[in-house]
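Peer 1: with the sequence up front, the predicted model follows.
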Amino acid sequence: MFKRCFRNYDSRHPCRVATARVLQEIKLKTELMRSDPDIRSEIYVVRSVQVMLDKDLAELYGVETKVLNQAVKRNAERFPEQFCFQLTVSEYSNLRSQFVTSSLNEYGGRRYFPYVFTEQGVAMLSAVLRSATAVQVSIRIMDAFVEMRHFLSMSGSLYDRVERLENKQIADKTEIDGKFDKVFEALAGPDLPKQGIFCDGQIYDAYEFASGLVRKAKKSLVLIDNYIDDTVLTMMDKRRPGVSAVVYTKAISKQLALDVRKHNEQYPAVEIRTAAAFHDRFLIIDEKELYHIGASLKDLGQKVFAFSRLELPVAETMEILGVAG
């Protein structure tokens, strides 16, 4: 509980505050754009350049789409591909899928794919259409192109700043979490005792001691206990994530087999193996620590029992006991 409380530290993290400030800057700068919003909404990006559809331009100029395209064809030398080009099937389909509510969906009755005009093409249209209206409309469109280009450039740099700030916040949080882990490990207290005796009735104390041994494991647990039941499975569930658990016992009854199967369907698996040669109980932690326990884990604290950590070479002892690997 304390760890969760301490880790609520970043609600006013400097990076989060800076990120909010940058996003607010984007919002304010967006509101400063003064060109016609209808024109901006009709500017698309195709082949990495900003373009407008022939139909949208025709509406702005007050002429039919057919008339606009005929004027372009009569002056084809003035409209090279960098000024005007026809959309391909994939380009047209891609635009329609991205802008389902736009005028792209109004091309159903046409027998050819629409033409699009770049910023230079729009400028040339005013000279081809030859009217005062065309000149004024071209100025408005050119302004929209310029402001959209400026906005995209500005937004790109601002969003880069947001990404950098967010990455820094993640890195800072990871570093601080690591420091908290070290602090809480230090606060966890000294190592468990190497030997001792529990008296009759110390059920919870014995249970808590055994739970501490289980929690101590970082890689593996091996329990040798001839008399186990579902309470041992519950004890093993106290181990850390990723820690394997193997239990050696004298025999596997139908009830124990059922308990293990049901347990393993819901919780990290505990493997049960048979070994009839043992009388005493042992708990091996990470193949490094070997504890001798004078009572079965299911009966801890019900009678007087002793425990001790054996100062023996654990790997060799596991080989001798036949519980290695």
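Peer 2: Perfect, I can see it now.
Peer 1: Ala71 contacts Ser126, doesn't it?
Peer 2: No: Ala71 is beyond contact range of Ser126, at 11.2 Å (criterion: C-beta atoms under 8 Å). Just so you know, the C-beta spots here come from the backbone N, C-alpha and C atoms, and that holds for glycine as well.
Peer 1: of the two, who's got more company?
Peer 2: More crowded of Ala71 and Ser126, by other C-beta atoms under 10 Å: Ser126, with 20 against 16.
Peer 1: am I right that that one falls within a helix?
Peer 2: Yes: the assignment for Ser126 (DSSP: H, G, I helix; E, B strand; the rest coil) places it in a helix.
Peer 1: what's around the residue nearest to it when sequence neighbours are not counted, how many residues?
Peer 2: Nearest residue to Ser126, sequence neighbours excluded (C-beta to C-beta, 6 or more residues apart in numbering): Ser138, at 3.7 Å. A count of nearby residues for Ser138, using other C-beta under 10 Å, gives 20.
Peer 1: do the one 3 residues further on as well
Peer 2: Counted with other C-beta under 10 Å, residues neighbouring Ile141 total 26.
Peer 1: three-state assignment of the residue nearest to it when sequence neighbours are not counted?
Peer 2: Nearest non-adjacent residue to Ile141, counting by C-beta to C-beta, 6+ apart: Val122, 5.0 Å away. Three-state assignment for Val122 (three-state DSSP): helix.
Peer 1: how far away is Val122 from Val137?
Peer 2: 9 Å (C-beta to C-beta, to the nearest Å).
Peer 1: quick one: which of the two has more around it?
Peer 2: Val122 (25 against 21).
Peer 1: residues contacting the more buried one?
Peer 2: Val122 makes contacts with 52, 57, 138, 141-142, 145, as judged by C-beta atoms under 8 Å, 6 or more residues apart in numbering.
Peer 1: ok, then the element right after the helix or strand the residue nearest to Ser126 falls within?
Peer 2: In this structure, Ser138 sits in helix 132-187 according to DSSP states H and E. Tracing the chain past helix 132-187, the next element assigned as helix or strand by DSSP H and E is strand 195-198.
Peer 1: work out the gap between the helix or strand just after that following strand and the centre of the chain.
Peer 2: Remark: after strand 195-198, the chain's next helix or strand is helix 203-216, criterion DSSP H and E. Distance of helix 203-216 from its chain centroid, counting by C-alpha atoms, centre = their mean, to the nearest Å, is 36 Å.
Peer 1: list the buried ones in helix 203-216?
Peer 2: For helix 203-216, a neighbour-count test (16 or more other C-beta atoms under 10 Å) marks 206-207, 209-211, 213-214, 216 as buried.
Peer 1: which ones are touching Thr231?
Peer 2: By C-beta under 8 Å, 6+ apart, the contact list for Thr231 reads 297-298.
Peer 1: what does the pLDDT read for it?
Peer 2: pLDDT for Thr231: 86.
Peer 1: try Tyr291
Peer 2: 90.
Peer 1: for it, phi and psi?
Peer 2: Tyr291 has phi and psi values of phi -110, psi 140 when expressed as degrees, to the nearest 10.
Peer 1: that one contacts Leu213, doesn't it?
Peer 2: Yes: judged on C-beta under 8 Å, Tyr291 makes contact with Leu213 at a distance of 6.4 Å.
Peer 1: common neighbours of the two, please.
Peer 2: Both Tyr291 and Leu213 are contacted by 283, 285, under the criterion C-beta under 8 Å, 6+ apart.
Peer 1: so what does the host helix or strand of Leu256 touch, helix or strand wise?
Peer 2: Under the criterion of DSSP H and E, Leu256 resides in helix 254-266. Here helix 254-266 touches helix 230-236, strand 271-274, going by 3 or more C-beta pairs under 8 Å, 6 or more residues apart in numbering; DSSP states H and E.
Peer 1: tell me the most buried of these?
Peer 2: Counting by mean count of other C-beta atoms under 10 Å, helix 230-236 has the highest mean neighbour count of the helices and strands packed on helix 254-266, with a mean of 19.
Peer 1: Leu223 pairs with what?
Peer 2: Val247, Leu283 (DSSP bridges).
Peer 1: how many neighbours does it have?
Peer 2: 27.
Peer 1: what of Val323?
Peer 2: Neighbours of Val323 using other C-beta under 10 Å come to 19.
Peer 1: that one and Phe282, how far apart?
Peer 2: Distance from Val323 to Phe282, counting by C-beta to C-beta: 8 Å.
Peer 1: now do the shared contacts for the two.
Peer 2: With C-beta under 8 Å, 6+ apart, Val323 and Phe282 have common neighbours 222, 224.
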